[in-house]
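1. A predicted structure for the sequence below; I have some questions about it.
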Amino acid sequence: MHKKIRNPLPPDNVARPTPPPNPPRPPSWQDDIDEIRRLRDALEQATRWIPVSERLPEPHIHFLALNRNGYVFESAMCYGMHEPWFTYPRGDGNASNTAPDWIDVTHWMPKGAQP
């Protein structure tokens, strides 16, 4: 004697309930990798050497300057586009006007915040 098994599925003409919306997916490793890449790119952009051909620093701010010979001026200022570059060597409070043909700045970088 076989027992008849009732079909657990509703017939096709019966309305089925709407499934609940998908819950937000949990963060994945790929999400973490994407965020790390985004932060890395932002950091590289903020700390890159900027060619003077691309743009000059704002007047009256301190920045790092790199000349064509690879020398880095630790505390430089530019007083304007048509005026000479001035450098303030570390530990020296006096401005020293350096000859433009010797300094020949090719790149600059904003200085980070003081601790």
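-> Yes, it's here. Numbering: from 1, shown residues only.

2. what residues sit buried inside the helix ranked longest in the chain?
-> The helix that spans the most residues within the chain, counting by DSSP state H, is helix 29-46. By 16 or more other Cβ atoms under 10 Å, helix 29-46 has no buried positions at all. Backbone N, C-alpha and C define where each C-beta goes, glycine included.

3. would you mind writing the CA trace of that helix as CSV?
-> What follows is helix 29-46, C-alpha atoms only, in CSV (Å, rounded to 0.1, in the frame of the first residue of the first chain):
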residue,chain,number,x,y,z
TRP,A,29,37.5,41.5,0.0
GLN,A,30,37.2,43.2,-3.4
ASP,A,31,35.4,46.2,-1.7
ASP,A,32,38.4,46.5,0.7
ILE,A,33,40.9,46.2,-2.1
ASP,A,34,39.0,48.9,-4.1
GLU,A,35,39.0,51.2,-1.1
ILE,A,36,42.7,50.7,-0.5
ARG,A,37,43.5,51.5,-4.1
ARG,A,38,41.3,54.7,-3.9
LEU,A,39,43.2,55.8,-0.8
ARG,A,40,46.5,55.0,-2.3
ASP,A,41,45.7,57.0,-5.5
ALA,A,42,44.6,60.0,-3.4
LEU,A,43,47.8,59.8,-1.3
GLU,A,44,50.0,59.6,-4.4
GLN,A,45,48.2,62.6,-5.9
ALA,A,46,48.6,64.6,-2.7
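
4. partners of the very next helix or strand once past that helix in the sheet?
-> With elements assigned by DSSP states H and E, the helix or strand that comes after helix 29-46 is strand 50-51. Strand 50-51 sits in its sheet next to strand 105-110 (antiparallel), going by DSSP bridges.

5. now do the partner strand against helix 29-46, angle only.
-> 130 degrees (axes from the mean of the first three to the mean of the last three Cα atoms, to 10 degrees).

6. which residues are contacting the longest helix of the chain?
-> Residues from elsewhere that reach helix 29-46 (Cβ atoms under 8 Å, 6 or more residues apart in numbering): P110.

7. now do the strands in the protein.
-> Per DSSP state E, the chain carries strands over the ranges 50-51, 63-67, 72-78, 85-87, 96-97, 105-110.
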